[in-house]
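[1] here is my input, please return the structure:
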Amino acid sequence: QVQLVESGGGLVQPGGSLRLSCAASGFTLDSYSIGWFRQAPGKEREGVSCISASARVATYKESVKGRFTISKDNAKNTVYLQMNSLKPEDTAVYYCATVQTRDGCSLLGNSYDSWGQGTQVTVSS
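    Take a look at the predicted model:
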């Protein structure tokens with residue numbers, strides 16, 4: 001059974017950093033792409049970053065480019081989202097999602113078929 005568990009969220013001051021983890025079980029990441037999404041209260045879910053099965057392709061939402069970095073550790077079957085220079089507008093519940101795919105990745109939520117439960121990120125002074 002495909003399962004994703006996010007962790008690493010929390011409260012951080014503006015300008016601070018957090019590293020989110022998405023631990024996968026029931027499958028191996030080398031054949032699956034992973035996307036990170038977020039949803040703030042009253043707003044639609046949006047794609048933040050994604051990484052392909054091969055890790056050769058990584059894509060970022062424009063507003064997080066240069067601040068967020070996605071990576072994967074196949075040995076740990078885990079994908080990470082390093083978030084630096086956090087801003088209050090980054091506050092949201094962050095979700096990871098996965099789909100089996102040859103390569104490439106997407107920031108569109110309907111491209112994925114399995115989702116984690118989410119982790120809260122709050123950026124506030």
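[2] what's the first-to-last distance across stretch 63-75?
    End-to-end distance for stretch 63-75, by CA to CA, to the nearest Å: 30 Å.
[3] residues making contact with that stretch?
    28-30, 34, 36, 48-51, 55, 58, 60, 78-86, 89-90 (CB atoms under 8 Å, 6 or more residues apart in numbering). Just so you know, the C-beta spots here come from the backbone N, C-alpha and C atoms, and that holds for glycine as well.
[4] in contact with the spatially most central residue of the chain, which residues?
    By CA atoms, centre = their mean, the chain has its centre lying nearest to W36, at 2.5 Å. Residues in contact with W36, defined by CB under 8 Å, 6+ apart, are 20, 22, 47-50, 70, 79, 81, 94-96.
[5] out of these, who has the most neighbours?
    Among the contacts of W36, C96 has the most neighbours (other CB atoms under 10 Å), with 31 neighbours.
[6] who does the nearest residue to A55 once chain neighbours are set aside bridge with?
    Distance criterion CB to CB, 6 or more residues apart in numbering; nearest residue to A55, sequence neighbours excluded, is K72 at 5.4 Å. Residues in a beta bridge with K72, per DSSP bridges, are V79.
[7] how many residues are close by K72?
    23.
[8] now it: how far from W36?
    Between K72 and W36 the distance is 11 Å, computed by CB to CB, to the nearest Å.
[9] now, the contacts of W36 that are in strands?
    Using DSSP state E, the members of the contacts of W36 that fall in strands are 20, 22, 47-50, 70, 79, 81, 94-96.
[10] and of these, the nearest to V121?
    Out of the ones in strands among the contacts of W36, the one with the shortest distance to V121 is Y94. That distance is 5.5 Å, counting by CB to CB.
[11] might one say that the closest one is in contact with F37?
    Yes - in this structure Y94 lies within contact range of F37 using CB atoms under 8 Å: 7.2 Å.
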